[in-house]
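> what would the 3D arrangement of this be:
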Amino acid sequence: MNELFDERKISRRTFLKASAGALALGVLGGEAWANCWCNLGYVDAHSHLWSPDRTHYPLVPTAKEEDVDPKGFTLGDFFQYAGPEGVNRVVVPSHHIHFGTDASYMTDLLKARPGQVAVQAWVKYDDPNAVQEMKKLEAQGVKAFRLVLWDPFETWFKDSDPIHEIYEYAAMRRLVICPLTNADWLPQYARLAEDHPATTVVIDHFARIGIENFGTPKPGTIKPEDVKNLTALGKYPSHHVKISAFYALGKRTPPYDDMIPLIKACIMAYGPERLMWGSDCPYQLMGVHTYKASIAVVRDRLDGVSVMDREWMLRKTAERVFFT
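Numbers count the residues shown, from 1 in each chain. Alright, predicted model coming up:
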């Protein structure tokens, strides 16, 4: 059976736990429950999913099978961890290292699970044909696009660079740009924000603040100048931040309390309405790291942050940006 449609992969007990948790929060009334169950529960704004089926979803030539770990991480696998924590929707970013720009598995998921899955496909920021690719994917229901800018920053974008056309098309079509980037790129996004104020931008993983030794992440320092550059983007109403990938940032040790000052600085700069939590599974499940530890940082450990503000970060922001 095609695993996209295999209901056995998502157990009834797992689903009921997620639904009960959402109902306890009073998210929706009975009429809405009857009409659309998928609007209940938290949203994981960042979890990679891929199939172990290499026939239908092959790796790019530069990827090696021995480097793909796990061999597959499907929607059913995801909900075995996410469902018990009250999560029942997920934003799936492209895993470009393994699959390049091929978004076919994600768009198949999107067709199979409308309202439960949103897709963040990869387009190359320096590709003159990027907008044409965006149009093709948009026709398949994709509304968010990942830009990977993680090489060391060198020069400012020129007016002729394709990234401007990408931003312009995203603004015109109300699409979302999601940069996977490093902290040294942050001043560049301020310039782009000045040029394209109507483009919705969601920066992945705090712009990877707290990662050192690029390419081989190890415990790192959350540098004040990087935090300053990230929070400075809060003045642009179109900009959002994913508070995500705790396993890879800072001390990289549960319960990740060293990330709490950074989260609170982002709350002050952006407001909770422009922040969204994401796990970055399946990597959040490796070694000492767990799904529960990731969501608990926002759900349970933000002293002084109201229940409503946490509700924005765990559900309402991602719901507004990716599911409406």
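
> excluding chain neighbours, what is closest to the residue nearest to the spatial centre of the chain?
Against the mean C-alpha coordinate of the chain, by C-alpha atoms, centre = their mean, the closest residue is residue 46 at 2.8 Å. Spatially, and ignoring its direct neighbours in sequence, residue 46 is nearest to residue 278 (2.8 Å; C-beta to C-beta, 6 or more residues apart in numbering). Placement of C-beta: from N, CA and C, glycine included.

> average pLDDT across stretch 270-281?
The average pLDDT within stretch 270-281 is 98.

> nope, stretch 63-80 is what I meant
Rounded mean pLDDT across stretch 63-80 is 96.

> same check on stretch 195-211?
Here the average pLDDT along stretch 195-211 is 95.

> ok, residue 231 to residue 186 distance?
Distance of residue 231 to residue 186, computed by C-beta to C-beta, to the nearest Å: 10 Å.

> please apply the same query to residue 315.
For residue 315 relative to residue 186 (C-beta to C-beta), the value is 27 Å.

> cool, and residue 56?
Counting by C-beta to C-beta - residue 56 and residue 186 are separated by 38 Å.

> who has more neighbours out of these two?
residue 186 (23 against 10; other C-beta atoms under 10 Å).

> residue contacts, the more buried one?
Contact partners of residue 186, counting by C-beta atoms under 8 Å, 6 or more residues apart in numbering, are 207, 226, 229-230, 232-233.

> tally up the residues packed near the closest residue to it other than its chain neighbours, please.
Distance criterion C-beta to C-beta, 6+ apart; nearest residue to residue 186, sequence neighbours excluded, is residue 229 at 3.9 Å. Neighbour count for residue 229, taken as other C-beta under 10 Å: 19.

> from residue 144, how far out is residue 229?
For residue 229 relative to residue 144 (C-beta to C-beta), the value is 23 Å.

> and if you look at residue 232?
Distance from residue 232 to residue 144, by C-beta to C-beta: 23 Å.

> neighbour count: these two, which is higher?
residue 144 (22 against 15).

> hmm, back to that, give me the beta-bridge partners of the residue nearest to residue 46?
Beta-bridge partners recorded for residue 278 (DSSP bridges): residue 244.

> how near is it to residue 133?
With C-beta to C-beta as the criterion, residue 278 and residue 133 are 24 Å apart.

> between these two, which has more neighbouring residues?
Using other C-beta under 10 Å as the criterion, residue 278 and residue 133 rank with residue 278 on top: 25 against 19.

> show the contacting residues for the more buried one.
Contacts of residue 278 by C-beta under 8 Å, 6+ apart are 44-47, 91, 204-205, 242-245, 318.

> what's the answer for residue 280, then?
Per C-beta under 8 Å, 6+ apart, neighbours of residue 280: 46-48, 205, 244-245, 247-248, 294.

> okay, now the closest residue to it other than its chain neighbours: neighbour count?
Leaving aside its sequence neighbours, residue 280 sits nearest to residue 245 (C-beta to C-beta, 6+ apart; 4.0 Å). The tally of other residues near residue 245 (other C-beta under 10 Å) stands at 24.

> same check on residue 157?
Other residues close to residue 157 by other C-beta under 10 Å number 17.

> flag the shaky bits of the protein, pLDDT-wise.
1-40, 213-218 (pLDDT under 70).

> run through who's touching stretch 221-232.
183, 186-187, 190, 203, 206-207, 209-210, 212, 241, 249-250, 258-259, 261-262, 265-266, 268-270.

> for that stretch, buried residues please.
Buried positions in stretch 221-232, judged by neighbour count with 16 or more other C-beta atoms under 10 Å: 222, 226-227, 229-231.

> just say helix, strand or coil for residue 240.
strand (DSSP: H, G, I helix; E, B strand; the rest coil).

> show me what contacts it?
200-203, 270, 274-276, 317, 321.

> again, only this time at 7 Å
Listed by C-beta atoms under 7 Å, 6 or more residues apart in numbering, the contact partners of residue 240 are 201-202, 270, 274-276, 317, 321.

> kindly report the same for residue 234.
Taking C-beta under 7 Å, 6+ apart, one finds 269-270 in contact with residue 234.

> distance of it relative to residue 308?
Relative to residue 308, and taking C-beta to C-beta, residue 234 is found at 19 Å.

> same question for residue 161.
40 Å.

> higher neighbour count, the two?
Applying other C-beta under 10 Å to residue 161 and residue 308 shows that residue 161 carries more neighbours, namely 14 against 9.

> the stretch 151-300 of the chain: strands as residue ranges?
176-181, 200-203, 211-212, 218-219, 239-244, 275-278 (DSSP state E, counting those that start in this stretch).

> how about those in CSV, adding distance to residue 52?
Formatted as CSV, the strands of the stretch 151-300 of the chain follow (distance: least, C-beta to C-beta, whole Å):
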stretch, distance to residue 52
strand 176-181, 24
strand 200-203, 29
strand 211-212, 28
strand 218-219, 29
strand 239-244, 24
strand 275-278, 23
